[in-house]
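Peer 1: Structure of the sequence below:
(one chain, ligands or ions: 1)
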Amino acid sequence: MLVGADGIRSTVRAQFLPQVQPIYAGYVAWRAVLDEARVPREAHRDIFELYTFCLPEGEQLLGYPVPGHDGDTVPGRRRYNIVWYRPVDTPVLDAMCTDASGQLQSGGIAPSLIRDEIVARVKADAEALLAPQLAEIFLRSEPFFQPIFDLESPALAFGRVALTGDAAFVVRPHVGAGATKAAIDATVLADCLGRAGEDVAGGLARFESVQRPFGRDIVALSRQQGSYLSAQLKPQAQRRGSELRRDVEALLYAHGNRSDQIGDIVAARGLDAYF
Ligand SMILES: Cc1cc2nc3c(=O)[nH]c(=O)nc-3n(C[C@H](O)[C@H](O)[C@H](O)COP(=O)(O)OP(=O)(O)OC[C@H]3O[C@@H](n4cnc5c(N)ncnc54)[C@H](O)[C@@H]3O)c2cc1C
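Peer 2: Predicted structure coming up:
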C-alpha cells in the first residue's frame, strides 16, 4: 500500500482529489529567528524568557524562545522566534510572491527569492507598529513569510492508498497542532492496519472513519481562532461578532489552553487510547 504523507502540496492527494486545493486564509505569517547572542540586552531582559503577544490593529504577533542550532537549550545558545500574522489580499500576495526575475512563485516563495524591497517594507512596518523590543529583534533577523492556508479532504482512503498529516488536512498554525495531528494520523493508521490483518481495505475504512472527523474538528478550531485575521479583508459592514473586534482575553486564554482544546477533540473522537 501507499501512504501519502507528502504535505500540503501532496502529489498523492492530487491523483485522487484534484479538486481539493489549499484555501488561502487571507493572511501571511512573517517569520523571524535570531540567535540569543544577537538579541539586544534590554530586549533580552524584558521579553526573551516570555511567550509574548503584540497586537497591532488587525494583526497578531507571537514571540518566544526556541532551541538553538542542533536543539541546544543552554542559555546563551538558544534563539528567539517571531511569528507575525498580517492580512494580505491576493493581488498583493501575488506581488510579494514574485521574485526578482518576475516569476510568480504561487503557493509560497522560498526565503532566498523574496525581493529586497518586500523585506525593507516589512522592516519599516516593524519599526512603526511593533513594541520596540520585538522590533529590534525583527530588524536584526532575515525575515521571510509563509501564506497561511487550510484544507479539508473529503476522503482519506482510496483502495490501498491513505492520506495522512497535511496531505489530508491542513490546520492553520494558531492551534499549534499540525505536527501532533500528523503523528496521531500515523499512529491510528498503524493501529487500524494492525487490527485489520489481511483486510487492508477494512483497516483503511476504519482509519478514515476515525481521522476524518478529527481532522475536520481541528481545522474548524483553527479557522475560528484565525477569524479576526481573515475578516480584515472584508468590508467593515460585512464583519460579524469576533470578526469585528478582537477579544484579547479570549485570545490569551485560547493560547494558554491549546493542549486542553486539542485534548477535548481527542477525547470527543475517542482517541484517548493513543496517548
Ligand atoms: C507558520 C506555521 C507555523 C506552524 N507552527 C506549528 C506548531 O507550532 N506546531 C505544530 O504542531 N504544527 C505547526 N505547523 C504545522 C506543521 O508544520 C505541519 O502540520 C506538519 O509539518 C505536517 O507534517 P506532514 O509530515 O504531514 O507534512 P510536511 O512536514 O510538510 O512533510 C511532508 C514531506 O513530504 C516531502 N514530499 C513532498 N512531496 C514529495 C514527493 N513527491 N516525494 C517525496 N517526498 C515528498 C516534503 O519534502 C516533506 O519533507 C505550522 C505551520 C506553519 C505554516
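Peer 1: nearest residue to Val20 other than its sequence neighbours?
Peer 2: Once flanking residues are discounted, Val20 sits nearest to Ser153: 5.7 Å by Cβ to Cβ, 6 or more residues apart in numbering. Glycine gets a C-beta too; all of them are placed from N, C-alpha and C.
Peer 1: Check for me that Arg31 belongs to a strand.
Peer 2: Yes. Under DSSP: H, G, I helix; E, B strand; the rest coil, Arg31 falls within a strand.
Peer 1: Tell me, how many residues neighbour it?
Peer 2: Arg31 is flanked by 16 other residues according to other Cβ atoms under 10 Å.
Peer 1: Same check on Asp272?
Peer 2: Neighbours of Asp272 under the rule other Cβ under 10 Å: 10.
Peer 1: which non-adjacent residue is nearest it?
Peer 2: Closest to Asp272 by Cβ to Cβ, 6+ apart is Val266, at 6.2 Å.
Peer 1: Do you know the pLDDT at that neighbour?
Peer 2: Looking at Val266, its pLDDT reads 88.
Peer 1: Kindly report the same for Phe275.
Peer 2: 67.
Peer 1: Over to Met96?
Peer 2: For Met96, the predicted pLDDT is 97.
Peer 1: again with the one 10 residues further on
Peer 2: The predicted structure scores Ser106 at 83 on the pLDDT scale.
Peer 1: For it, give its distance to the ligand.
Peer 2: Distance, Ser106 to the ligand, by Cβ to the nearest ligand atom, to the nearest Å: 16 Å.
Peer 1: Cys54 too?
Peer 2: 16 Å.
Peer 1: How about Thr164?
Peer 2: With distances taken as Cβ to the nearest ligand atom, Thr164 is found 6 Å from the ligand.
Peer 1: How many residues are close by that residue?
Peer 2: Neighbour count for Thr164, taken as other Cβ under 10 Å: 26.
Peer 1: Isn't it up against Ala5?
Peer 2: Yes. With contacts counted by Cβ atoms under 8 Å, Thr164 reaches Ala5, the gap being 4.9 Å.
Peer 1: on that earlier part again, is the helix or strand hosting the residue nearest to Asp272 positioned near the ligand?
Peer 2: Using DSSP states H and E, Val266 maps to helix 258-268. No. Helix 258-268 is not in contact with the ligand by Cβ under 6 Å from any ligand atom; minimum separation 9.1 Å.
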